[in-house]
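**Q** Give me a 3D structure for the following:
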Amino acid sequence: MTDEQATKIIEAADSAPAAVPAAEIKPGAKKVVKSKKKKAVRQVAHGNAYIQASYNNTIVSIADPNGDILSWSSAGKVGFKGPKKATPYAAGMVVKDVAGKVADFGVKDLHVFVKGIGGGREGAIRALHINGFNVVSVNDVTPMPHNGCRPPGRRRV
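**A** Below is the predicted model of the structure:
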């Protein structure tokens, strides 16, 4: 870039209109701020609790009868790391976290669907009862292969 081009750019920047200075804003002008409307919390008396208990983690979701998720949590989200995520204690803490979020919806009765064979399976069901939910039914929906895919081989260390 030559010196002539640089001076033209500087002159153009100086002559360009700047933003409205504070002195030109009218003193009586009010700033318009849109307020957020508070979302009405719907009341759900019955719900479904889905517990996924794997060897590595426990995930609990609570949904309304239509299947819309009201709240969910997992052992990793609650703060557990590594092998502690699959413990029954971690599953109880996950249910406690979900119960606090679902309290606004008024859920009392739950149909429980358990998937997986992890350590948090029984602990999560007990914790649902302890946290004030009426467990109506417990269904095991663990997928079982009808001689489908070949399972992975034994681990060699």
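**Q** Residues in a beta bridge with the closest residue to residue 98 other than its chain neighbours, which ones?
**A** Counting by Cβ to Cβ, 6 or more residues apart in numbering, residue 98 lies nearest to residue 73, which is 4.8 Å off, once chain neighbours are set aside. Where you see a C-beta, it was placed from the backbone N, CA and C, and this is true even at glycine. Taking DSSP bridges as the rule, residue 73 bridges to residue 60.
**Q** quick one: residue 73 from residue 143, how far?
**A** 23 Å (Cβ to Cβ, to the nearest Å).
**Q** of the two, who's got more company?
**A** residue 73 (21 against 7; other Cβ atoms under 10 Å).
**Q** As a check, name the ranges of all helices in the protein.
**A** Here the chain has its helices, by DSSP state H, at 3-15, 75-78, 88-102, 120-130.
**Q** Switch the ones you listed over to CSV; also include mean neighbour count and distance to residue 112.
**A** Formatted as CSV, the helices of the chain follow (neighbours: other Cβ atoms under 10 Å; distance: least, Cβ to Cβ, whole Å):
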stretch, mean neighbour count, distance to residue 112
helix 3-15, 9, 68
helix 75-78, 19, 17
helix 88-102, 21, 11
helix 120-130, 20, 6
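**Q** And those: which comes nearest residue 148?
**A** Residue 148 lies closest, by Cβ to Cβ, to one member of those: helix 120-130, at 22.6 Å.
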